[in-house]
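following is a predicted model, sequence given first.
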Amino acid sequence: MSTQEIDQFPVRSDRAKNDRGVHWPSIAQFSFSILAIIGSWIVGLGFLLLGVSDIINLGPSYTVVGSFLSAIGSLFAGVLVLPSAFFSLLRIIGNPVEKNLFSRWWGYLIVGLPAVILIGYLVSSQVWLTITILPWMHVLAIGLPVIFLFYIVQRKLPMSSPQTNSGSLAIGLIAGPLLILFIEIVMIVIAFVLLGLYVQQDPGLMVDVTALSQQFSQGMNSMEGITERVRRLLSDPVLMTSVFAIGALVIPLIEELLKPIAVWLLVRRDLSPSDGFVLGVVSGAGYAIFENLALSSNSGPDWMIVILARTGTTVLHMATSGLVGWGIVMTFRHKKYVYFPVMYLLAAVMHSLWNGSVISDTVVNFLSVEDIPAVIQQTAGTTEYLLIGLTIFSLLIMFSMNILLRRAIMSPASDGSKSAPSVMD
């Protein structure tokens, strides 16, 4: 098989199935997409009204920028779900789109990223420009790396249908994060209850916790006082260990299991190994976009630094989600049982290293907590190198997996050309 033939693989379809009668999976996808769009746009309009109200009452300042970044981000999320609604609707009315609409030229849009970041950096020094222009640079800076990474992953591989890809992105962008957030909140509440019982045994810790609660309820007017109390609390070994256990162990395990949610929904269908990896990457891209929009909305003058750091997390999330998606298909569809636990463990370790290094850096350099273990101090001293290394390693994973899967497809014994069903099918 020639390179040209691989590059022009047809979009695979399961149109032969469910050609007659009501296609309930597409109805479910369409209904979910419409609700997600409406919800995202309502949230976006709410933030927009809040930002306008703050400008009218308080005047333009960096404190209102977060509202406009969140507004445009939420509206942008709704736009990203539109294709899922459109393609599932076409399937419902019996006219599914099977043509590959993703052009390889889309990957070259990444050349515009430096200009976007430069413009964002320049306007972030002026309040009015930050309010009016930065939100648009914000969504471009988040979206362009995702397009480029998807191009790397799917290059010369068989493409799933537009409904499958857009549905996987929509589910990864909306359903996955909400499910993960719910589980994480439950786990954190349980941890807080247990830690509360521990804190009650120490009057000094109880004083700091009570004071913190009062300061939060009053609007966090004194960050210096809050930082000092948090510093004292984290000087306690049990509380410090709990922070690392939750942030660098529990959260990575939850997120890496559920990020490839689209693959889990399709695991009963006839997925090929390349389907598992690519759809896992797409689902992980949705999660990365959600997280980036949520966690970088209050960046203000530090926007460029924050967006560059978030680009690294985008690479990590997409690569690890792809690995787990591949492991899911290899184990649950192709009965190679070692793949899922190994890929899941690898993804969780990579995520744990990332979170652990960030927590270490925060504890040592921002909070200046004293009397902490030497390993935390050493990790904090190498945070930048570790994050850059994990980003490069994640990129290498995506390049390598693309080559590996292409070779598997060209192998006569390969089953990589099997169809991928529509998402939710």
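Received it, and whenever you're ready, just let me know what you need.

please make it C-alpha for all contacts and neighbour counts, starting now.
Fine.

now the residue most central in space within the chain: how far from residue 399?
Nearest residue to the geometric centre of the chain (CA atoms, centre = their mean): residue 288, 1.8 Å. Using CA to CA, to the nearest Å, one obtains 19 Å as the distance from residue 288 to residue 399.

burial count for residue 35?
14 (other CA atoms under 10 Å).

make 44 the first number, not 1, from now on.
With 44 as the first residue, the last one maps to residue 78.

other SSEs contacting the helix or strand containing it?
Element membership for residue 78, per DSSP states H and E: helix 67-101. Under the contact criterion of 3 or more CA pairs under 8 Å, 6 or more residues apart in numbering; DSSP states H and E, helix 67-101 touches helix 108-135.

buried stuff in the helix it packs on?
108-121, 123-132, 134-135 (16 or more other CA atoms under 10 Å).

low-confidence ranges in this structure?
44-64, 258-268, 343, 409-414, 455-468 (pLDDT under 70).

switch to 50 and redo it
Applying pLDDT under 50 to the chain picks out residues 44-54, 56-61, 457-468.

all strands for it, in order.
In the chain, no strands are defined using DSSP state E.

any idea how far the nearest residue to residue 107 once chain neighbours are set aside is from residue 122?
Among residues not flanking residue 107 along the chain, residue 94 sits closest, at 5.7 Å (CA to CA, 6 or more residues apart in numbering). According to CA to CA, residue 94 stands 21 Å off from residue 122.

cool, residue 295 as well?
Between residue 295 and residue 122 the distance is 28 Å, computed by CA to CA.

what do you get for residue 344?
27 Å.

before we move on, what about residue 116?
On the measure of CA to CA, residue 116 and residue 122 end up 10 Å apart.

with residue 255 instead?
When residue 255 is compared with residue 122 (using CA to CA), they lie 39 Å apart.

do residue 422 as well
Counting by CA to CA, the gap from residue 422 to residue 122 is 40 Å.

how about the helices in the stretch 294-443 of the chain?
Counting by DSSP state H, counting those that start in this stretch, the stretch 294-443 of the chain has helices at residues 294-301, 304-309, 316-338, 346-375, 382-404, 417-424, 426-453.

need the winner for burial among those.
Mean neighbours per residue, mean count of other CA atoms under 10 Å, is largest over the helices of the stretch 294-443 of the chain for helix 316-338, with a mean of 28.

and that helix with helix 108-135, angle?
150 degrees (axes from the mean of the first three to the mean of the last three CA atoms, to 10 degrees).

now do helix 316-338: which elements does it pack against?
helix 108-135, helix 177-197, helix 205-213, helix 219-242, helix 304-309, helix 346-375.

can I get those in CSV including distance to residue 269?
Listed next are the helices and strands packed on helix 316-338 as CSV, based on distance: least, CA to CA, whole Å:
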stretch, distance to residue 269
helix 108-135, 21
helix 177-197, 30
helix 205-213, 38
helix 219-242, 17
helix 304-309, 37
helix 346-375, 23
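
so what's residue 88 up against?
114, 118 (CA atoms under 8 Å, 6 or more residues apart in numbering).

how many other residues sit next to the closest residue to residue 373 other than its chain neighbours?
Excluding its sequence neighbours, the residue lying closest to residue 373 (CA to CA, 6+ apart) is residue 379, at 5.6 Å. By the criterion of other CA under 10 Å, residue 379 has 13 neighbours.

hmm, residue 379 is touching residue 369, no?
No - using CA atoms under 8 Å, residue 379 makes no contact with residue 369, being 11.1 Å away.
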